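# here's my sequence, what's the structure:
(chains A and B)
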Amino acid sequence: MKFLRKTLDGVKPNFEKGGKWEKMYFAFEAIETFLFAPNTTTAAKGVQVRDAVDLKRLMMTVIIAMVPCLLFGMWNIGHQHFLAIGQTGTLGEKFWIGIVQTLPIIVVSYGVGLGIEFVFATIRRHPVNEGFLVTGMLIPLVMPPDVPLWQVAVATAFAVVIGKEAFGGTGMNVVNIALTARAFLYFAYPTDISGEVWTYLGEGATAVAGYSGATPLAVAAAAAKGTQVVNEFNSFGSTWAPGIYSFQSLFLGTQPGSIGETSTLMCLIGALILIVTGTGSWKIIVGVFGGAYGMGLLLNILAGDNAFMAMPAYYHLVIGGLAFGAVFMATDPVTAAQTETGKWYYGILIGMFTVLIRVFNPAYPEGIMLAILLMNVFAPLIDYFVVSANKNRRLKRATV
Amino acid sequence: MGKHIRLSKGFDINLAGKAAPKIADVELAETFVIKPTDFHGLYMPKPVVKEGDTVKAGTPLFHAKNHEDIQFTSPVSGEVVEVKRGEKRKLLEIKILADRQVEHVNFKKYTVSEVASLPVAEVKEQMMKSGVWANLVQRPFGVVAEPTATPKAIHISGFDTAPLAPDYSFLFKGQDQFFQAGIDVLKKLTSGAVHVNIHTQSDLSTVFSQVKGAEVNKFTGKHPAGCVGVQIHHVDPINKGDVVWTINPLGVIQVGKLFLQGIYDASRLVAVTGSEVKNPQYYRTYTGASVKKFLSNNLNQENVRVISGNVLTGSSIGKEGHLGFFDSQLTVIPEGDYHEFLGWITPSNKSKLSFHRAFGLLSFLTPSKEYVLDSNTHGEERAFVQTGVFEQVLPMDVLPTHLLKSILAEDIDEMEALGIYEVIEEDLALCEFVDVSKHNVQEILRDGIELVRNS
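From the prediction side, this is the model:
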């Protein structure tokens, strides 16, 4: 450690004011503070001691919360692959396929994103913020397993430049950056990110007879009038993967989908980590699940012979990316409502809109992405009302 | 009858080095300093003594151009050895070399019954010329009280919840008579009540609980329950246009002594605390004392930060520095000027206290453990990212994040609407401690207050 410290101290003058690489100071600083927490002390006036927490640790906690989703997602890619081609694979083989598919996406996402961050930090002369540590992991988790790498790169670049840097960097963005990347792909390359892209088949492999890559959302949306969506789910894949869309399977996540979002269980483990460590708002998470469930119940009452509307409300919580969105996307503190009361409204509305979009908008099978982006834009409005209420209480007190 | 208020929000920073309830036997400090910078709202403070003058306790040292009647007087008798000025000849401090035996200026003495019938003008005059007026702090803004104003209430916090804070029942033992006289005098200055706010759980000294003629309000809760701003918010909040005064119990006692004994008695007990002090205990001295004598042969190591006040609101003064006007506490902690390898992720060790529970921060499991904290910032300043944290350590109906953002935007109407009149630095000090993004919350708040005050 001492050697490392000495090396850093040795090259540091080159990056400081007047040094030959002065312009690269913030890039150097990012690396230095990654290796060693800085030796800065508190100011002479004000607090003399500081809490041990910092943004790096906070971001790292979120990444740790995503690890269950990532590991399960890797295994599931392999699992779905073998199901689709009608073969069986061992745990190790399944994992290996998952790693081979996922790792390049993660590398591209971090490489492109951090590269842009460093360039902007250098040009704008501000420290490299840690925000992308989380975003860089979120982007791969919401990608289809065989997304072309160049698309990941383009989407990440778009999201970081237009979604974040254009607004001033970490902490200033209006919409969630990882979702911006996903939405960009969705609208720029619709054919590559919809339909039957959710299972990795492999080069030249042929699917088993009767195979269909339709997602539960697609199955539910296609259910004919008067039928039961649950029956459709239970009979789906009966020839090649019986029970693939049973409630248990949907909850555990052994179904096709984006890399990290299929397992409600793993998302709940992540939610537990976020809530216990206080890094994610439990109000938002509970709000999204509650809002979706409530909206599901309401649609059940109004259903008539519409099969999707009549689908039991709790199914909404396990299909698609609702759980992942609720836990990791909606809780992004920068783009969510910032007042505690506002967080309830924000979460509940996301849940409700998700189900509305799913059921009533044939163009978009999944609603969580658009619901969160929509509420990101409306979060300041929610806060505005909560803050106004606070101001009015004060005003009222003065006039009594 | 007073109110009983229970506060659930807040955070107690549990540090090692609490002062033992005994008084150390050391000779009196050599020098004493009065700093105009300890007070807000003074316009161009002007010294009225020069180097070489001899003064008594109670002799005026300086006054401000906007308050020429309010004298800031010498805490001890002796010789003025330095009138220190800074940039643009701004007065920074006046240093007195103390006599062995303190002599006092004689002000007019009154009996208890005379005090009861004193006219307000006479009260104010005596307080202003003797130096005890400086103890009165005016809200909003936390400035020296305006003599022409009539506050709607006067609030006294009877307990201190700050880290390693001195025990008030020890600090003011046996001063019942003077405290009562002080309350009797202060009652004349307000159109409303004098509130004495006490904590339900601390050992109550009779000084506060037996007091007559004041509203005694009880509080339960963690820091910042002891901050008078938080107490005012719950007892009788400050609205736009209101004026409220606050004074600490020592100030009340000084007022009492001034009227009963006719002297400005600046003597006080000071708690010398902190993990780097060998024998944390109390010392008897006067306002503005040099800390040199307290620390000689009393430090565990040399690389320390010496703080006048507590670790949340104090100032670093160095080993040769002097205590601030309002401070009855000295805290010595290790200086944190070291690099820590992968310090942003390594799990908690004994020096890592956190309000948060993020990965590796385990201090929430041992709430009663005493921590040795140093002055390291544990991270760099960042944009506002995490939300909802400030709100958990501020037991007031104020939205601190939004207030701070309105200050950064210099939006005065918004600051007013969000309650800037109700807070001063100490109320938001915990927000600064817990801040993930390491902003200087107290400095930002003071900038906002000055902006509103000068608008």
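# now B:R284: how far from B:L171?
Separation of B:R284 from B:L171 (Cβ to Cβ, to the nearest Å): 11 Å. (C-beta placed from N, C-alpha, C; glycine too.)
# residues contacting B:Q281?
B:A19, B:A20, B:P21, B:K22, B:I23, B:A24, B:A271, B:V272 (Cβ atoms under 8 Å, 6 or more residues apart in numbering or on different chains).
# cool, and A:A363?
No contacts exist for A:A363 under Cβ under 8 Å, 6+ apart.
# surely it forms part of a strand?
No: counting by DSSP: H, G, I helix; E, B strand; the rest coil, A:A363 is not part of a strand but coil.
# so among the contacts of B:Q281, where is pLDDT lowest?
Minimum pLDDT for the contacts of B:Q281 is recorded at B:A24 (88).
# pretty sure that one is touching B:P280, no?
No: in this structure, B:A24 is not within contact of B:P280 by Cβ atoms under 8 Å, at 9.9 Å.
# what do these two both touch?
Jointly contacting B:A24 and B:P280 under the rule Cβ under 8 Å, 6+ apart are B:V272.
# the two: which is more packed in?
Per other Cβ atoms under 10 Å in any protein chain shown, whichever of B:A24 and B:P280 has more neighbours is B:P280, with 22 against 17.
# re the thing from before, mutual contacts of B:R284 and B:L171, please.
Listed contacts common to B:R284 and B:L171 are B:R268, B:L269; contacts here mean Cβ under 8 Å, 6+ apart.
# more neighbours: the two, which one.
Legend: neighbour count by other Cβ under 10 Å for B:R284 and B:L171, higher for B:L171 (23 against 14).
# what's the neighbour count on the residue lying closest to that one once chain neighbours are set aside?
With sequence-adjacent residues excluded and distances taken as Cβ to Cβ, 6 or more residues apart in numbering or on different chains, B:L171 is closest to B:L269, at 5.2 Å. B:L269: 20 surrounding residues under other Cβ under 10 Å.
# distance-wise, check B:L269 relative to B:Y286.
According to Cβ to Cβ, B:L269 and B:Y286 sit 11 Å apart.
# now the helices for the stretch 51-200 of chain A?
Ranges of helices in the stretch 51-200 of chain A, per DSSP state H, counting those that start in this stretch, are A:55-84, A:91-124, A:131-141, A:149-158, A:177-188.
# cool, the stretch 101-250 of chain B as well?
For the stretch 101-250 of chain B, the helices defined by DSSP H, counting those that start in this stretch cover B:112-116, B:120-130, B:168-171, B:176-187, B:206-209, B:228-235, B:249-261.
# go on, the stretch 301-400 of chain A?
So, for the stretch 301-400 of chain A - with DSSP H, counting those that start in this stretch - the helices run A:307-310, A:315-318, A:322-324, A:340-360, A:368-399.
# out of those, which is the most enclosed?
For these, the largest average neighbour count (mean count of other Cβ atoms under 10 Å in any protein chain shown) is found in helix A:322-324, namely a mean of 28.
# who touches it?
With Cβ under 8 Å, 6+ apart as the test, helix A:322-324 has contacts from A:69, A:141-142, A:258, A:260-261, A:263-264, A:267-268, A:288-289, A:292, A:316-317, A:351, A:354, A:368.
# starting at the chain centroid, how far to it?
The chain centroid and the centroid of helix A:322-324 are separated by 9 Å under Cα atoms, centre = their mean, to the nearest Å.
# same thing with stretch B:48-62?
Mean C-alpha position of stretch B:48-62 versus that of the full chain (Cα atoms, centre = their mean) differs by 25 Å.
# mean confidence for it?
Rounded mean pLDDT across stretch B:48-62 is 94.
# poorly predicted segments of chain A, please.
Residues of chain A meeting the criterion pLDDT under 70: A:195, A:400.
# what sits against residue 37?
Went with chain A since none was named. A:D54, B:H339, B:E340, B:L342, B:G343, B:W344, B:N376, B:H378, B:G379.
# my bad, the chain I had in mind was chain B
With contact taken as Cβ under 8 Å, 6+ apart, B:T37 is in contact with B:L92, B:E93.
# that one: what secondary structure?
Secondary structure for B:T37, judged by three-state DSSP, is helix.
# and B:S8, by the same measure?
Classification of B:S8 by three-state DSSP places it in coil.
# that older thread, so for A:E130, which of the helices of the stretch 301-400 of chain A sits nearest?
With Cβ to Cβ as the criterion, A:E130 lies closest to helix A:368-399 of the helices of the stretch 301-400 of chain A, at 20.1 Å.
# and the stretch 101-250 of chain B, which of its residues are near chain A?
Contact residues, the stretch 101-250 of chain B versus chain A (Cβ under 8 Å from any Cβ of the partner chain): B:P237, B:N239, B:K240, B:G241.
# any regions of the stretch 101-250 of chain B where pLDDT drops low?
For the stretch 101-250 of chain B, applying pLDDT under 70 flags the ranges B:202-205.
# circling back: now, which of the residues of the stretch 101-250 of chain B next to chain A sits nearest A:L272?
The closest of those to A:L272 turns out to be B:P237 (Cβ to Cβ; 39.3 Å).
# tell me, how many residues neighbour that closest one?
Going by other Cβ under 10 Å, the residues that sit close to B:P237 add up to 18.
# now swap in the one 3 residues further on and tell me
The local packing of B:K240 (other Cβ under 10 Å) involves 15 other residues.
# what's whichever strand or helix holds A:L272 in contact with?
Assigned by DSSP states H and E, A:L272 falls within helix A:264-276. Helix A:264-276 has contacts (Cβ under 8 Å, 6+ apart) with A:61-62, A:64-66, A:68-69, A:72-73, A:250-253, A:260-261, A:280, A:282, A:285, A:317-318, A:323-324, A:326-328, A:331, B:357.
# could you rerun that using 6 Å?
Here helix A:264-276 makes contact (Cβ atoms under 6 Å, 6 or more residues apart in numbering or on different chains) with A:65, A:68-69, A:72, A:251-252, A:280, A:282, A:285, A:318, A:323-324, A:327.
# okay, buried residues for that helix please.
Neighbour-count burial for helix A:264-276, counted by 16 or more other Cβ atoms under 10 Å in any protein chain shown, picks out A:T264, A:L265, A:M266, A:C267, A:L268, A:I269, A:G270, A:A271, A:L272, A:I273, A:L274, A:I275.
# between these, which sits nearest chain B?
Taking Cβ to the nearest Cβ as the measure, A:I273 is the one of those closest to chain B, at 8.6 Å.
# isn't A:V288 right up against A:L349?
No: judged on Cβ atoms under 6 Å, A:V288 makes no contact with A:L349 at a distance of 9.0 Å.
# coming back round to it: could you dump the helices of the stretch 51-200 of chain A to CSV with distance to A:K20 and mean neighbour count?
Converted to CSV, these look like this (distance: least, Cβ to Cβ, whole Å; neighbours: other Cβ atoms under 10 Å in any protein chain shown):
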stretch, distance to A:K20, mean neighbour count
helix A:55-84, 28, 23
helix A:91-124, 15, 18
helix A:131-141, 28, 25
helix A:149-158, 30, 19
helix A:177-188, 34, 22
